[in-house]
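**Student:** Fold the following and give me the result.
(one chain, ligands or ions: 1)
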Amino acid sequence: MPTHSSLPSTLRILFLASEAAPLIKVGGLGDVAGSLPSALRMIPGNLIEGRSLDVRLVIPYHGEVARKLLDPQPVASFLVNHPNGPIPTRAFVTQVGDVPVYMIEGAPIGTEAPVYTGDNYIDGLKYAYFSLAAVELARHLNWQPDILHANDWHTALSVFTLAKQRLSRDPFFAQTRSVLSIHNLPFMGAGAERALDEFGIHPVRDSRLPEWARQFPLPLGLLAADRIVAVSPTYAQEILTPEFGCGLQDFLISRSSIISGILNGLDQESWDPTRDNALVQRFGIETLDQREENKKALLQEFDLPYDPKIPLLILISRMDQQKGIDLALESLAQAANHSWQAILLGTGDPIIESACRSLQAQFPDRVRAAIRFDTRLSRRMYAGGDILLMPSRYEPCGLAQMIGMRYGCVPLARSTGGLRDTIFDGAKDRPNNGFLFEEVKAEALTQAMLRSFDRYKDREAWHQLQVNGMTQDFSWEKSAVQYANLYFDLWENQR
Ligand code: GLC
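**Tutor:** Predicted structure coming up:
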């Protein structure tokens, strides 16, 4: 363990995100922002030399949040600079578990708009404003953060603004350092340029950034950040390559000494098959034989026949090009003369949704497509499925594979990003817990699928795969300790 002798006993972290469960969740970012701050606060002192982290979260006061909260307390009201005149802003606070959560209210956030409209001019106005307001909030609370930790393009401008304030020798933020986490690099905030112009944030001249990126929120944040974190070690490497770098690879290589990868954790309390009340039959490692009841019930729910010899594949995903669902559908068709059943769950791109429905039409006696968002059903599927399909083209971290493994559903995934860091298939030093394939091609997936079918026939080998997944440590504590050490290093080495 590194020693950090000059550190204060408590480090103050201001954690910014566009969404945070359970208040508001759209995707994986919401899970992370909903879990990591509390995990950081709860790190046992003995793991971080008796120090503690005072982590506070800031999110926009989205309409959906306002409708949920019973008793938000107003804590500050102030003005946020804008070339056309300052914007009146109010902040509220609520407590979620042990984490104080600040919520920013102001005209650009609105009271009815969804978290993301998909129109980056509108979202750009909202999140540029939110990023500036969150930084100002710290000043109005007179709470000097040691670290400002932003996430993805929506809050990246806070990092950029902080750097500008430091340059202008603003004493309040003189000691504050910044961390920016990348959860999904392709989403850089393209289209927000006009919104940034309106806030007086013009293209930077820094030649390290490609010209097209000089007024996109995420690249501006990446340029200004003291540390950059990708949500898995493999993704941290991948973004330095043309295949995954989205045109920023050369710029990111120039910043590689401050980039690291830290795997997300999983909320192991919420995702626990021994206590999950959505399941027909709860089970654990000792009672794994009872898991089959969930498979029977699931098949019955979908009007499919049960046969213990036939593997049930499940896919639970946002229906997005990123997720490689097209590959899964093609592979299932390629493996048509083998026995298998499949249930697909999710919503998103209408083209992918209808491709899922077509597969059901093609194989009416073995495929079901449930085109909806249904968390309880997803729990029954993780508990009843044999194989979890995750053929992502890229996957910065990924959550479903961890849930699948906790629930004894063996992942079959593309070897990329966080999937590669959590799933082991023929690794030298780790027991197998799933199946991986390399190339983004249905043929490669089909081969791995046939390997999994073969293994499925060997009950004992399969049982071992399940146990290996179920005993893996996906706790947030592990990730939180890595973040804490990163904050400590940054605090010590940058002053
Ligand atoms: C994004 C990524 C996903 C990651 C999540 C949380 O949604 O696509 O891989 O798990 O962010 O970091």
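
**Student:** mind listing what the residue of the stretch 351-495 of the chain found nearest the ligand touches?
**Tutor:** Of all residues in the stretch 351-495 of the chain, C397 sits closest to the ligand, at 3.4 Å by Cβ to the nearest ligand atom. C-betas here are computed from N, CA, C, even on glycine. For C397, the contacting residues are G28, H183, V231, S232, Y235, L263, N264, G417, G418, by Cβ atoms under 8 Å, 6 or more residues apart in numbering.

**Student:** Equivalent analysis for A413, please.
**Tutor:** With Cβ under 8 Å, 6+ apart, A413 has these contacts: 388-392, 395, 398, 401, 419, 423, 434-437.

**Student:** rerun that using 10 Å as the cut-off
**Tutor:** Contacts for A413 were tallied using Cβ atoms under 10 Å, 6 or more residues apart in numbering; they are 324, 388-392, 395, 398, 400-401, 404, 419-420, 422-423, 425, 434-437, 445, 448.

**Student:** so is it in a helix, a strand, or just coil?
**Tutor:** strand (DSSP: H, G, I helix; E, B strand; the rest coil).

**Student:** Looking at strand pairing, list the partners for it.
**Tutor:** M390, L436 (DSSP bridges).

**Student:** Just the pLDDT for it.
**Tutor:** Note for A413: predicted pLDDT of 98.

**Student:** just L167 next, same as before
**Tutor:** 85.

**Student:** list the contacts for it?
**Tutor:** A224.

**Student:** Right, and the ligand sits closest to which residue of the stretch 151-300 of the chain?
**Tutor:** The nearest approach of the stretch 151-300 of the chain to the ligand comes at H183, 3.4 Å away (Cβ to the nearest ligand atom).

**Student:** Might one say that I228 is in contact with L240?
**Tutor:** No. Using Cβ atoms under 10 Å, I228 is not in contact with L240, being 11.2 Å away.

**Student:** So for those two, which residue has more residues nearby?
**Tutor:** Higher neighbour count among I228 and L240: I228, with 22 against 19, using other Cβ atoms under 10 Å.

**Student:** any idea which element that one lies in?
**Tutor:** strand 227-230 (DSSP states H and E).

**Student:** From the contact counts, what lies against the helix or strand just after that strand?
**Tutor:** Using DSSP H and E, the helix or strand that follows strand 227-230 in sequence is helix 233-238. Applying 3 or more Cβ pairs under 10 Å, 6 or more residues apart in numbering; DSSP states H and E, we find helix 233-238 packed against strand 227-230, strand 259-261, helix 417-422.

**Student:** buried sites along stretch 302-320?
**Tutor:** Buried residues in stretch 302-320, counted by 16 or more other Cβ atoms under 10 Å: F302, L304, I310, P311, L312, L313, I314, L315, I316, S317, R318, M319.

**Student:** What average pLDDT does it get?
**Tutor:** Per-region confidence: stretch 302-320 scores 97 on mean pLDDT.

**Student:** got a list of what the residue of the stretch 151-300 of the chain closest to the ligand touches?
**Tutor:** Contact partners of H183, counting by Cβ under 10 Å, 6+ apart, are 17, 27-29, 32-33, 151-153, 229-231, 235, 264, 396-397.

**Student:** contacting residues for the closest residue to R379 other than its chain neighbours?
**Tutor:** Excluding its sequence neighbours, the residue lying closest to R379 (Cβ to Cβ, 6 or more residues apart in numbering) is A278, at 3.9 Å. Neighbouring residues of A278 by Cβ under 10 Å, 6+ apart: T375, R376, L377, S378, R379, R380, Y382, A383.

**Student:** all helices of the stretch 251-400 of the chain, in order?
**Tutor:** With helices called from DSSP state H, counting those that start in this stretch, the stretch 251-400 of the chain shows them at 292-301, 325-334, 350-362, 375-384, 400-406.

**Student:** Please work out which of those is packed deepest.
**Tutor:** Of these, the one with the most neighbours on average (mean count of other Cβ atoms under 10 Å) is helix 400-406, at a mean of 26.

**Student:** Now the lengthiest helix in the chain: buried residues?
**Tutor:** Taking DSSP state H as the criterion, the chain has its longest helix at helix 120-141. Buried residues in helix 120-141, counted by 16+ other Cβ under 10 Å: 120, 122-138, 141.
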